[in-house]
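# Okay, sequence plus prediction incoming.
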Amino acid sequence: MKKKTSIWIIRFLLFLGTAISLFYVPWPIVIAWLTPMPQTIQEQVDKATDYGFDGIIVCVNKTGNHSEFYTSGYKNRETQTPADPNSLFKIASVDKLYTALAIAKLVSDGQLALDQNLAHYFPDLKDRIENSDKITIRMMVQHRSGIPNYTSTYNYWAHPKTNDNERLELVLDLPANFEPDTDYEYCNTNYLLLSQLIEKVSGKNKFQYLKENILDPLNLKNTYGSIHDVNMDDVMSGYYVGYEYDLKTDDNDAMLATAEDLAKFIRALNDGSVFKNKEEQEIYSSIYKFEHTGLIPGYQTIARYYEDVDAVVIQFTNTVNFDGYNWNMSEIMYNRIVKIIRSN
C-alpha cells in the first residue's frame, strides 16, 4: 500500500512540475515560431498586431538601390492613422554606425588618432573617469573602455536625462567596470564621449558634420539629428506596453530617419560608396561593424545587409517592452521576412 501511495505521489509531483514549467514557457514566441511561413513579405508584416506591435514599417532595398515598402498597423494608434512608410522613426543605437564612421573619417583626415587616449582630448575628465589616460579612442568605438554605461544606472529609463552633460554626470567618478581593453561591454557613454569628440575636433555640431560628410554626399535628405529638427507630425508614434501615452515627444537625443534613408545608408556602408577612399574604408572596417539594432522606449530598429541576396532589410516597430518577449518577437518577424526574401 505504501509503495502504491509513493508511486502516486511521484506521478503527481511530476505532473505538477510539468504544469508549472508549461506556465513559464514563452508561448507567444513558440506560437510565432510554429506558425507556417507565409508566401509574401506583406502577409508576414500583416501579422504585426499578433506579435504585439502597434505598427511596423519594413523597407527592402534591392540591387540598384531600389526600395520596396511594407507596412501594417498604426503610425498613431489614438487617431488610428495607418503606418506610413515615409514616417520618421527614432533609430536609437543605430546612430552609432554614423558616429563610428565620422570617427573613421576624422582619423583618415589626420584630425584624430585612434590610439590616443581619452585624457589627451578631454583633460578635464582625467580625474573623473578612471583609466582615462589608458582608454584609447579605438577602445571606446569598440566598447572595450570599461567606462560605466549611463543607461544602466538605476532606473534610468524611468527618469531619463535631457542633455549629454546630465547623462555623463551619472557615471563620472564611478569605478571602471573593467581594465581597458580586457573585456567587452556595450556602453552608450562611449558614444556620448565620441560625439563630443567629433564636435571638439571638427569645430562643428556633430549632426552638421554628419550632414556635410555623410548624408549630403549620399543625398539622404530624410535623416535628422533630433526631434527638435523635424515636424512632429512626420514622426511615427512610439509606445511602451502598459503605458498609454505616446513617447514620440520624449527627447532621447536620438537621430531620426525614414526607412528608405536608413536603407540607403546601410547599403552605402556595405558597398563602400560612403567612403572617400580605400584607406578610410579600411580604418572603419578595423574598428566597427556594418549593421546595427536600436532600442529605446517606443522604438525598435533592425538594420542589416545580406550579401547573398544583395538586399538591405530595415524593420521599424513602434511598441516596446523591456521586461517581456517584445524584442524576441521583433527578431522573429525580421528573420521570417529575410527567409521569404531568400526563398523568392
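Received it, and whenever you're ready, just let me know what you need. Nothing here was measured: the structure is a model prediction, and the numbers come from that model. Numbers count the residues shown, from 1 in each chain.

# Looking at the chain, which strand is longest?
strand 66-76 (DSSP state E).

# Would you tell me what the next helix or strand after that strand is?
Sequence-wise, the next helix or strand downstream of strand 66-76 (DSSP states H and E) is strand 81-82.

# Sheet partners, orientation included, of that next one?
strand 66-76 (antiparallel) (DSSP bridges).

# Show me which positions of the partner strand end up buried.
For strand 66-76, a neighbour-count test (16 or more other Cβ atoms under 10 Å) marks 67-76 as buried. In this view, the C-beta of every residue, glycine as well, is placed from N, C-alpha and C.

# any idea which of those residues is the one closest to Asn277?
Ser67 (27.4 Å; Cβ to Cβ).

# Could you report the distance from that closest one to Phe178?
42 Å (Cβ to Cβ, to the nearest Å).

# contacting residues around Asp183?
144, 146, 177 (Cβ atoms under 8 Å, 6 or more residues apart in numbering).

# three-state assignment of the nearest residue to Gln111 once chain neighbours are set aside?
Distances taken as Cβ to Cβ, 6 or more residues apart in numbering put Val201 closest to Gln111, at 5.0 Å, once the chain neighbours are dropped. Applying DSSP: H, G, I helix; E, B strand; the rest coil to Val201 yields a three-state assignment of helix.

# Can you report how many residues neighbour Val201?
Neighbour count for Val201, taken as other Cβ atoms under 10 Å: 17.

# Repeat that for the one 10 residues further on.
The number of residues packed near Lys211 is 18, by other Cβ under 10 Å.

# For it, give me phi and psi.
phi -60, psi -50 (degrees, to the nearest 10).

# repeat for Asp95
The phi/psi pair for Asp95 (degrees, to the nearest 10) is phi -70, psi -10.

# Centre of the chain to stretch 289-296, how far?
4 Å (Cα atoms, centre = their mean, to the nearest Å).

# How about stretch 118-125?
On Cα atoms, centre = their mean, the centre of stretch 118-125 falls 28 Å from that of its chain.

# buried set for that stretch?
Applying 16+ other Cβ under 10 Å to stretch 118-125 flags 118-119, 121-122, 125 as buried.

# Same question for stretch 123-137.
125, 129-132, 134-137.

# Looking at those, spot the one nearest Ile296.
For these, the nearest to Ile296 is Ile129 (24.1 Å; Cβ to Cβ).

# Which parts of the protein belong to which domain?
Per the record, the chain has its domains at 1-34, 41-343, by automatic domain parsing.

# can I get those domains in TSV with mean pLDDT?
Formatted as TSV, the domains of the chain follow (pLDDT from 0 to 100):
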stretch	mean pLDDT
domain 1-34	54
domain 41-343	97
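
# Comparing the ones you listed, which stretch has the densest surroundings?
domain 41-343 (a mean of 18; mean count of other Cβ atoms under 10 Å).

# Could you work out the most separated pair of the buried residues of stretch 123-137?
Glu130 and Ile137 (16.9 Å).

# got a list of what Lys264 touches?
61, 65, 67, 218, 220, 312.

# In which helix or strand does it reside?
Lys264 belongs to helix 259-271, assigned by DSSP H and E.

# starting at the chain centroid, how far to that helix?
That offset, for helix 259-271, works out to 15 Å (Cα atoms, centre = their mean).

# so that helix versus strand 66-76, what angle?
140 degrees (axes from the mean of the first three to the mean of the last three Cα atoms, to 10 degrees).

# Return helix 259-271 as CSV; C-alpha atoms alone will do.
Provided in CSV are the C-alpha atoms of helix 259-271 (Å, rounded to 0.1, in the frame of the first residue of the first chain):
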residue,chain,number,x,y,z
ALA,A,259,13.3,53.6,-43.5
GLU,A,260,14.5,54.3,-47.0
ASP,A,261,17.1,56.8,-45.9
LEU,A,262,18.5,54.3,-43.4
ALA,A,263,18.4,51.5,-46.0
LYS,A,264,20.4,53.6,-48.5
PHE,A,265,22.9,54.5,-45.7
ILE,A,266,23.4,50.8,-44.8
ARG,A,267,23.9,49.9,-48.5
ALA,A,268,26.5,52.7,-48.9
LEU,A,269,28.3,51.5,-45.8
ASN,A,270,28.4,47.9,-47.1
ASP,A,271,29.2,48.6,-50.7
